[in-house]
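Undergrad: Below are the sequence and a predicted model for it; my questions follow.
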Amino acid sequence: MVIRNLIIFSSLLLLGGCAATTTKQQAFPKMYSENKPQTIVIAPVINNTMAAEASDYLNATVAQPLANKGFYVMPVPVVSDVFKQAGVIDGAQLKGVPAKTYYEKFGADAVLYITLTHWETNYIVVGGNVTLGMEYVLVSTHTNDVLWSYANTLVVDTSGSSGNIIADLIVTAITTATTDYIPIARQVHSSATQTLPVGQYHPRHGKDGSDINVVPELASQAQQSISQ
């Protein structure tokens with residue numbers, strides 16, 4: 001059964017308000033400075049959900065959107081192995097580790113922290129959905145400054161819609177239970193990284209500062225996640 005809707009939303013929009021937007025350069029000025037990053041290392045995901053397998057899904061999907069934005073991303077399998085050998089399986093174990101450590105160990109200009117906030121399957125009698133939410137924070141390994149941050153949540157409607165109540169109940173239950181999270185994760189990454197100023201390997205490098213697509217509240221929301 002085809003999933004009917006992909007609805008990208010934020011807590012701000014859920015409140016019924018109209019979210020104000022600003023330009024990329026106004027929101028993330030350090031991404032347009034001389035110290036803007038060229039290489040990124042992805043830290044293990046901070047998993048704040050009950051889905052133990054979620055980190056593996058995210059590790060398989062997050063590098064490509066960053067590469068598409070013009071950055072060199074340190075090979076995820078290699079980085080993951082390094083952390084696993086050190087006994088690190090969740091990013092929460094790395095809280096307090098100075099950002100410069102990632103430069104010393106991997107040679108990366110910036111480290112990306114990802115916090116998984118929602119990984120939920122919701123099923124009610126008349127409908128169902130899958131919710132996936134993440135917060136991203138990119139930190140310079142040279143200055144410890146936050147370069148970019150954003151929060152994004154995606155809801156996939158898995159309800160049946162044939163008009164037959166019994167059939168729809170069955171379809172909703174099956175579709176909700178068997179939803180593939182990988183394409184959903186890719187959607188969340190793709191949407192969030194639209195606000196990320198592009199890197200030097202992108203044709204629009206240095207030319208996207210006037211793009212107006214950043215909700216400041218969502219940038220602030222994500223940034224707070226690493227300070228808690």
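TA: The structure has been received and is ready for your questions.
Undergrad: all strands for the protein, in order.
TA: 5-9, 22-23, 39-42, 46-47, 72-73, 110-124, 127-140, 146-157, 212-214 (DSSP state E).
Undergrad: Could I get the average pLDDT for the longest one?
TA: In this case it means strand 110-124. Strand 110-124 comes out with an average pLDDT of 83.
Undergrad: sorry, back to before: now tell me which of the strands of the chain the model trusts least on average.
TA: Among those, strand 5-9 scores lowest, with a mean of 45.
Undergrad: where are the low-confidence patches of this structure?
TA: 1-19, 122-129, 157-180, 225-228 (pLDDT under 70).
Undergrad: switch to 50 and redo it
TA: Scanning the chain for pLDDT under 50 picks out 1-16, 125-126, 159-179.
Undergrad: all helices for it, in order.
TA: 11-14, 24-27, 54-59, 63-68, 76-85, 100-106, 165-178, 181-193, 216-225 (DSSP state H).
Undergrad: Could you export the ones you listed to CSV, including columns for distance to residue 134 and mean neighbour count?
TA: Placement of C-beta: from N, CA and C, glycine included. CSV is the format used below for the helices of the chain (distance: least, C-beta to C-beta, whole Å; neighbours: other C-beta atoms under 10 Å):
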stretch, distance to residue 134, mean neighbour count
helix 11-14, 13, 14
helix 24-27, 18, 18
helix 54-59, 8, 19
helix 63-68, 12, 17
helix 76-85, 16, 14
helix 100-106, 19, 16
helix 165-178, 20, 15
helix 181-193, 6, 19
helix 216-225, 9, 18
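Undergrad: Residue 156: which of the ones you listed is closest?
TA: Between residue 156 and the helices of the chain, the shortest gap by C-beta to C-beta is with helix 181-193, which sits at 5.8 Å.
Undergrad: got the angle for that closest one vs strand 127-140?
TA: In terms of direction (axes from the mean of the first three to the mean of the last three C-alpha atoms, to 10 degrees), helix 181-193 departs from strand 127-140 by 50 degrees.
Undergrad: what angle do helix 181-193 and helix 216-225 make?
TA: Using the same axes, to 10 degrees, helix 181-193 lies at 110 degrees relative to helix 216-225.
Undergrad: Alpha carbons of helix 181-193, as CSV, please.
TA: In CSV, the C-alpha atoms belonging to helix 181-193 read as follows (Å, rounded to 0.1, in the frame of the first residue of the first chain):
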residue,chain,number,x,y,z
TYR,A,181,12.2,4.0,8.2
ILE,A,182,15.2,4.5,5.8
PRO,A,183,13.4,6.6,3.2
ILE,A,184,11.7,8.6,6.0
ALA,A,185,15.1,9.3,7.5
ARG,A,186,16.4,10.4,4.1
GLN,A,187,13.5,12.8,3.8
VAL,A,188,14.2,14.3,7.2
HIS,A,189,17.9,14.8,6.4
SER,A,190,17.1,16.3,3.0
SER,A,191,14.7,18.8,4.4
ALA,A,192,16.9,19.9,7.2
THR,A,193,20.0,20.3,5.1
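Undergrad: Perfect, I'm done here.
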